[in-house]
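Peer 1: Provide a 3D model corresponding to the input given below.
(one chain, ligands or ions: 2)
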Amino acid sequence: MKKNLEQVWYNCLSIIKDNVSLQAYKTWFEPIKPIKIKEGVITIQVPSQFFYEWLEEHYIELLRKTIRKEIGPESKLEYSIVMENNYTNSKPYTVKIPTTNKKALKNPSVAMPLDIGASPIKNPFVIPGLRKVNVDSNLNPNYSFENFVEGDCNRLARSAGYAVANKPGGTAFNPLLIYGGVGLGKTHLAHSIGIEIKNEFPEKTVLYVSSEKFTHQFIDAVKNNNTNDFIHFYQMIDVLIIDDVQFFAGKEKTQDVFFTIFNHLHQTGKQLVLTSDKPPVELQGMEQRLLSRFKWGLSADLQSPTLETRIAILQKKMYADGIDLPKEVVEYLAYSITTNIRELEGALISLIAQSSLNKKAITLELAKQMIDKFVKNTAREVSIDYIQKVVCDYFDLPIELLKSKTRKREVVQARQIAMFFAKKMTKSSLANIGMHCGGKDHATVLHACRTVNNLSETDKTFRGYLEDLNKKLSIQ
Ligand code: ADP
Ligand code: MG
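Peer 2: Ligands and ions are numbered 1, 2, ... in the order given. Prediction:
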């Protein structure tokens with residue numbers, strides 16, 4: 001049966017859209033152009049090598065399933081990559097990529113049928129004769145301690161994690177409960193502990209599992225009448241890492257079975273590592289006996305990273321990806337995205353993708369546009385901190401002076417200008433602006449704004465400063 005290219009790709013996109021975030025969809029899938037479909041092979045054009053590699057690394061499963069569903073079980077996927085040079089007339093070159101597995105990539109000229117994964121692997125605990133060493137730990141090697149940037153915001157949790165990793169089951173931190181808001185590194189740290197233990201003690205059975213997966217496995221086990229296998233499987237683990245335990249809230253049966261497993265592991269000196277988006281006291285819908293056990297060990301929190309840590313994290317990611325960004329761009333990202341490391345990373349990646357897509361250099365301009373488009377909460381408004389930094393850079397003053405109470409003339413003027421822009425560009429109250437700028441009161445801020453307005457009308461040089469700064473600060 002002949003299938004219409006546009007229609008097929010449209011259908012694929014709607015499946016994909018349901019399975020990835022809007023940002024990911026816009027960044028990675030909208031720029032794809034379907035080229036042709038012939039004998040079950042669909043060719044899609046991607047804007048650069050970087051795109052192709054990214055898709056292969058992150059979305060190959062999704063693409064494979066989607067394409068198989070839309071075109072048929074024998075279907076194949078081919079990429080056509082637009083050459084990354086500026087010669088007009090350059091013909092896109094094509095690599096044929098079997099969507100089966102990574103190994104096959106070594107021989108990219110053969111397109112292979114999409115047959116891997118046709119029968120999903122069953123839960124490990126129902127495989128008879130399971131040997132301990134066979135348990136797949138489910139650890140993501142990228143989430144290592146080396147890749148985890150240390151800062152005040154995570155010092156306690158990190159060092160407790162490190163201690164646990166070096167002596168699993170043998171510290172007072174059992175269980176170790178890591179808690180904190182979204183995107184602050186709970187999952188990363190939980191993996192780091194697992195990875196480190198695997199390195200140090202290869203004979204130990206380590207298992208990372210999300211509480212969601214644990215719950216589903218348990219429900220299946222109940223359905224299939226093998227709850228005992230399920231419990232036995234979990235009881236033979238040496239280091240059990242359960243991510244996002246808040247998901248157990250309100251699920252009594254799952255909590256009961258987890259309680260049994262927890263007790264067994266704890267009594268036999270095995271290590272438990274748990275993460276949660278709330279501290280134990282705030283976990284509603286959780287049985288008291290379970291909560292009290294969570295408190296046996298150590299609860300360590302992860303907080304929002306400071307500016308220095310945010311910059312360090314960005315630099316680490318750039319280094320890992322072999323990318324070099326201008327300092328001002330890194331600082332802009334770190335200043336604009338303050339609460340969530342996942343968003344920070346997302347912005348960096350989108351920026352790289354945008355630049356690769358448009359074949360434009362990564363500039364402050366591009367960063368501003370991108371942030372404006374993608375980052376919902378933080379970006380529309382520049383922060384007072386950022387304004388202060390830009391003003392200080394412009395006048396070549398240390399930011400500490402601006403925040404101090406000094407009355408030196410040049411500092412007073414820069415401070416007034418910072419207040420003026422803060423009033424103009426943020427929704428902060430006058431009192432809050434004053435507090436940020438050397439602990440002044442709201443009347444001082446008001447006075448500063450008037451002074452700046454007056455000066456800009458009478459003093460041409462001064463007006464020039466404001467125009468420069470306005471350009472630097474405004475988000476397109
Ligand atoms: P959570 O589980 O708390 O929602 P994640 O562990 O998934 O957060 O972290 C979100 C992203 O931020 C991940 O890609 C992670 O690698 C990164 N990340 C978080 N904390 C750090 C850190 N201290 N250093 C480097 N990367 C970090
Ligand atoms: Mg997580």
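Peer 1: Give me the pLDDT for the one residue in the stretch 101-250 of the chain that gets nearest to ligand 1.
Peer 2: Taking CB to the nearest ligand atom, ligand 1 has its nearest neighbour within the stretch 101-250 of the chain at G185, 2.7 Å off. C-beta coordinates here come from the backbone N, C-alpha and C atoms, glycine included. We note a pLDDT of 97 for G185 in this prediction.
Peer 1: That one touches F148, doesn't it?
Peer 2: Yes. Using CB atoms under 8 Å, G185 is in contact with F148, at 6.8 Å.
Peer 1: higher neighbour count, those two?
Peer 2: More crowded of G185 and F148, by other CB atoms under 10 Å: G185, with 24 against 20.
Peer 1: re the thing from before, can you work out which residues contact both of G185 and F148?
Peer 2: Jointly contacting G185 and F148 under the rule CB atoms under 8 Å, 6 or more residues apart in numbering are N154.
Peer 1: quick one, phi psi at the residue of the stretch 101-250 of the chain closest to ligand 1?
Peer 2: Per-residue torsions, G185: phi 110, psi 20 (degrees, to the nearest 10).
Peer 1: Excluding chain neighbours, give the residue nearest to it in space.
Peer 2: What sits nearest to G185 in space, not counting adjacent residues and going by CB to CB, 6 or more residues apart in numbering, is L302, at 5.5 Å.
Peer 1: With F145 instead?
Peer 2: Counting by CB to CB, 6+ apart, F145 lies nearest to S192, which is 4.4 Å off, once chain neighbours are set aside.
Peer 1: so that neighbour makes contact with Y143?
Peer 2: Yes. Look at S192 against Y143 with CB under 8 Å: they come within range, at 5.8 Å.
Peer 1: May I see the buried residues of stretch 365-374?
Peer 2: Neighbour-count burial for stretch 365-374, counted by 16 or more other CB atoms under 10 Å, picks out L366, A367, K368, M370, I371, F374.
Peer 1: and which of those residues is nearest to L290?
Peer 2: Closest approach between the buried residues of stretch 365-374 and L290, by CB to CB: F374, at 38.9 Å.
Peer 1: distance of S14 from W28?
Peer 2: 15 Å (CB to CB, to the nearest Å).
Peer 1: higher neighbour count, those two?
Peer 2: W28 (21 against 11).
Peer 1: who touches the more buried one in this structure?
Peer 2: By CB under 8 Å, 6+ apart, W28 lies in contact with V20, F51, W54, L55, H58, Y59, A353.
Peer 1: Quick check: the farthest pair among these?
Peer 2: Taking CB to CB as the measure, the contacts of W28 span a maximum distance of 14.5 Å, between V20 and F51.
Peer 1: out of the two, which sits in the more crowded spot?
Peer 2: Each of V20 and F51 has its neighbours counted (other CB under 10 Å); F51 has more, 21 against 16.
Peer 1: Surely that one touches Q354?
Peer 2: No. The criterion here is CB under 8 Å, and F51 misses it with Q354 at 11.1 Å.
Peer 1: Go ahead and confirm F145 touches E196.
Peer 2: Yes. F145 is within contact range of E196, at 5.8 Å (criterion: CB under 8 Å).
Peer 1: Quick check: phi and psi at R407.
Peer 2: When read as degrees, to the nearest 10, the backbone of R407 gives phi -110, psi 20.
Peer 1: That one: neighbouring residues, count only.
Peer 2: 9.
Peer 1: That one and G438: what is the separation?
Peer 2: Distance, R407 to G438, by CB to CB: 9 Å.
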